[in-house]
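J.: any chance you can model this:
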Amino acid sequence: MLVDMMTGQVINAVPYTVQYRDYMSRMSPSEIDAIKAHLNQMIDGTEIQTAGWMPGHDWSGTVFEPIYFKAARSSYEQSAKCFGLMVWEVFMERPDKWTSGRFEKDGEPIGSRTYFHNRLGGPFRALTSNH
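T.: Residues are numbered from 1 along each chain as shown. This next block holds a predicted model:
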């Protein structure tokens, strides 16, 4: 389950829905299932995940390869976007609560979303407080 960081409301939709559906239509159901299963394995037992740091740089021979060649039609930029949307959906489909946002590392913006396990279930006001 993915919840809004500020309100604690459940998020039930993937952004860029039309584009995401196009990406997904270019892969087989078994490829999508394999990608999602692998992502869930990567997430299980963790507290924090940053989407862009999860897959590694070389997808050759991995479950992620169809994202690049099929879904994104060999576009690096589009494959990154498709992967990020798949990660979003995987977190949204999980039974445990997660929240996400965009953050910086060493003063530089991280190019993808970071997800936090939300064990308490409510909004993350403490993270955004000026206290």
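J.: for the residue nearest the centre of the chain, helix, strand, or coil?
T.: Nearest to the mean C-alpha position of the chain, by CA atoms, centre = their mean, lies Val87 at 2.4 Å. Classification of Val87 using DSSP: H, G, I helix; E, B strand; the rest coil returns helix.
J.: so what's the residue count around the nearest residue to it once chain neighbours are set aside?
T.: Closest residue to Val87 apart from its sequence neighbours, by CB to CB, 6 or more residues apart in numbering: Ala51 at 4.3 Å. (Glycine included, C-beta is placed from N, CA and C.) For Ala51, the count of nearby residues is 23 (other CB atoms under 10 Å).
J.: ok, the one 3 residues further on next?
T.: When neighbours are counted by other CB under 10 Å, Met54 registers 18.
J.: report pLDDT for the closest residue to it other than its chain neighbours.
T.: Using CB to CB, 6+ apart and skipping the chain neighbours, the partner closest in space to Met54 is Met42 (5.7 Å). On pLDDT, Met42 comes in at 96.
J.: Met42 contacts Thr50, correct?
T.: No. Counting by CB atoms under 8 Å, Met42 stays clear of Thr50, with 11.3 Å between them.
J.: how about whichever helix or strand Phe91 is part of as CSV, C-alpha atoms only?
T.: Using DSSP states H and E, Phe91 maps to helix 76-93. Taking Å, rounded to 0.1, in the frame of the first residue of the first chain, the C-alpha atoms of helix 76-93 are listed here in CSV:
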residue,chain,number,x,y,z
TYR,A,76,17.2,4.9,-21.9
GLU,A,77,15.1,7.8,-20.8
GLN,A,78,11.8,6.0,-21.4
SER,A,79,13.1,2.8,-19.7
ALA,A,80,13.9,4.8,-16.6
LYS,A,81,10.4,6.3,-16.6
CYS,A,82,8.8,2.9,-17.1
PHE,A,83,10.9,1.3,-14.4
GLY,A,84,10.0,4.1,-12.0
LEU,A,85,6.3,3.7,-12.7
MET,A,86,6.5,-0.1,-12.2
VAL,A,87,8.2,0.5,-8.9
TRP,A,88,5.4,2.9,-7.9
GLU,A,89,2.8,0.2,-8.8
VAL,A,90,4.6,-2.5,-6.9
PHE,A,91,4.7,-0.4,-3.8
MET,A,92,1.0,0.5,-4.3
GLU,A,93,0.1,-3.2,-4.6
